[in-house]
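S.K.: Sharing a model prediction with you, sequence too.
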Amino acid sequence: MKKYLVKYSLEFLVIVLGISISFWLNQITVEGEIKQQRSRLLENLLLEVEEIEKYCADRLKIWNQDVEIYSKLLEENLDLEAIEGSAISKSRVEYNLIYYRDFSPPINRYISAVNTGDLKYIKSQEIIDALTRLHNQNFNMVQSTVEYEKSLKTKLISLLTSNYPKIIINGEDNNVSMENYLEYLHKIILKDEHIRSELLVQMRYFKTRVSFLKFYLITLDELKFALNEELNIN
C-alpha cells in the first residue's frame, strides 16, 4: 500500500509540475506577445506624433500669416510690401476673406488603437493622460474656433457679395493687379464699419486659434517625451 502511495504521489507530482511548467511557459509567451504589441503601439503613436508636429507647424505658419494679413489690411495706411510678404497672390488674400481654415491633424493610428482596444497595452498613466488631453480637450479647443469661423465667413461673404461684389470679381480678374486689388479692398475696409468690424472679430479668432494651437503643441511635446521614455524602458 505504501509502495503504491509513493508511486501515485510521484506521478501526481510530475503531472502538477508539468502543468505548472506549461502554464509558466505559456505565461512567458503571452507576456512576450503583449510586450511586442505594446512596443508596436508606442512606436506607431510616436510616428503619428511626428506627423502631427509637421502638420501643426504648417498650420501655425499659415495661421500667423492670416493674422498678419488682416492686421495690415486694418491699418490706416496700407503697406503693400508687408502684405505681399505674407500673401504672394490675390487668391491668398481672397482665401482669407471667404474660406475657413480646417484643422484635421493625422490621428488615424490613435483612432485605430481606440477602436481595437489596443490602448489597454499602455502602462504609463502619463501617456494615457497626454493622449486624452491632446485628442479631446486641446483638439476641441482648436476645433471650436474653426467651427465659429465658419459662421463668421458666411456673414462676411454675404456682406461682400451684396455690397461689394467687385472685391470678388477683381480677385478672379487677371487684368487687375495685386496692388490695385489690395488698394480697393483697403479702401472698402476703411470706409465700411460693418466690413471692418467683421474683420476685427475674425482676426481675434485667428489669434485665439493660434493660442489654442500652441497649447495643443505643448501637450503634443509632453506626449512625445513620455512615449520616448516608455520606449526606452520597454
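M.R.: In hand now; what should we look at?
S.K.: Helices along this structure, start to end?
M.R.: Here the chain has its helices, by DSSP state H, at 2-74, 80-86, 90-98, 108-116, 125-132, 139-163, 165-172, 178-191, 193-233.
S.K.: I'd like the distance between residue 114 and residue 135.
M.R.: Residue 114 sits 9 Å away from residue 135, going by CB to CB, to the nearest Å. Quick note: C-beta positions are derived from backbone N, CA and C, even for glycine.
S.K.: the more surrounded of those two?
M.R.: Using other CB atoms under 10 Å, the more surrounded residue of residue 114 and residue 135 is residue 135, with 18 against 13.
S.K.: got any ranges where this protein has weak pLDDT?
M.R.: Applying pLDDT under 70 to the chain flags the ranges 1-34, 233-234.
S.K.: show me the contacts for the residue most central in space within it.
M.R.: By CA atoms, centre = their mean, the chain has its centre lying nearest to residue 105, at 3.7 Å. Going by CB atoms under 8 Å, 6 or more residues apart in numbering, residue 105 touches 52, 55, 56, 139.
S.K.: The closest residue to residue 209 other than its chain neighbours: neighbour count?
M.R.: Take residue 209 and drop its neighbours on the chain: the residue closest to it by CB to CB, 6 or more residues apart in numbering is residue 145, 4.1 Å away. Neighbour count for residue 145, taken as other CB under 10 Å: 22.
S.K.: ok, residue 145 touching residue 207?
M.R.: No: assessed by CB atoms under 8 Å, residue 145 is found out of contact with residue 207, at 9.6 Å.
S.K.: returning to what we had before: among the helices of the chain, which is the most enclosed?
M.R.: Stretch with highest mean neighbour count among the helices of the chain: helix 90-98 (a mean of 18; mean count of other CB atoms under 10 Å).
S.K.: Check which helices and strands that helix sits against.
M.R.: When contacts are defined as 3 or more CB pairs under 8 Å, 6 or more residues apart in numbering; DSSP states H and E, helix 90-98 packs onto helix 2-74, helix 139-163, helix 165-172, helix 178-191.
S.K.: again, only using 10 Å
M.R.: When contacts are defined as 3 or more CB pairs under 10 Å, 6 or more residues apart in numbering; DSSP states H and E, helix 90-98 sits against helix 2-74, helix 80-86, helix 139-163, helix 165-172, helix 178-191, helix 193-233.
S.K.: Could you list every helix and strand that the last one packs against?
M.R.: The criterion is 3+ CB pairs under 10 Å, 6+ apart, and the helices and strands that helix 193-233 contacts are helix 2-74, helix 90-98, helix 125-132, helix 139-163, helix 178-191.
S.K.: switch to 8 Å and redo it
M.R.: helix 2-74, helix 125-132, helix 139-163, helix 178-191.
S.K.: now for these, which one comes closest to residue 216?
M.R.: When the helices and strands packed on helix 193-233 are ranked by proximity to residue 216, the top entry is helix 139-163, at 5.7 Å, counting by CB to CB.
S.K.: Can you get me the centre-to-centre distance for that closest one and its chain?
M.R.: 20 Å (CA atoms, centre = their mean, to the nearest Å).
S.K.: by how many degrees do that helix and helix 165-172 diverge?
M.R.: 110 degrees (axes from the mean of the first three to the mean of the last three CA atoms, to 10 degrees).
S.K.: All set now, cheers.
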